[in-house]
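**Q** Only the shape, not the letters, is given here:
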């Protein structure tokens, strides 16, 4: 979960204990993608 401006973003990504580290990296990549989309949106408005 992270708070960005007035939005709360919750990423629901499940996995197993043995895949925990790759799952964390995947979640971080999703978050970076969301932030870059938001930055692009701000640049066009």
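**A** Nice, thanks for sending it over. Note that the structure is a prediction, hence the values are computed from the model and not measured. Numbers count the residues shown, from 1 in each chain.
**Q** any chance you could map the helices in the chain?
**A** 20-44 (DSSP state H).
**Q** Okay, now the unreliable bits of it?
**A** 1-5, 40-45 (pLDDT under 70).
**Q** Taking the centroid of it, which residue is nearest it?
**A** residue 31 (1.7 Å; C-alpha atoms, centre = their mean).
**Q** was I right about that residue contacting residue 24?
**A** No: counting by C-beta atoms under 8 Å, residue 31 does not reach residue 24; the two are 10.6 Å apart. All C-beta atoms are positioned from the backbone trio N, CA, C, and that covers glycine.
**Q** For residue 30, the count of nearby residues, please.
**A** 13 (other C-beta atoms under 10 Å).
**Q** swap in the one 3 residues further on?
**A** Close neighbours of residue 33, defined as other C-beta under 10 Å, add up to 10.
**Q** ok now do residue 13, which residues does it touch?
**A** 23, 26, 27, 30 (C-beta atoms under 8 Å, 6 or more residues apart in numbering).
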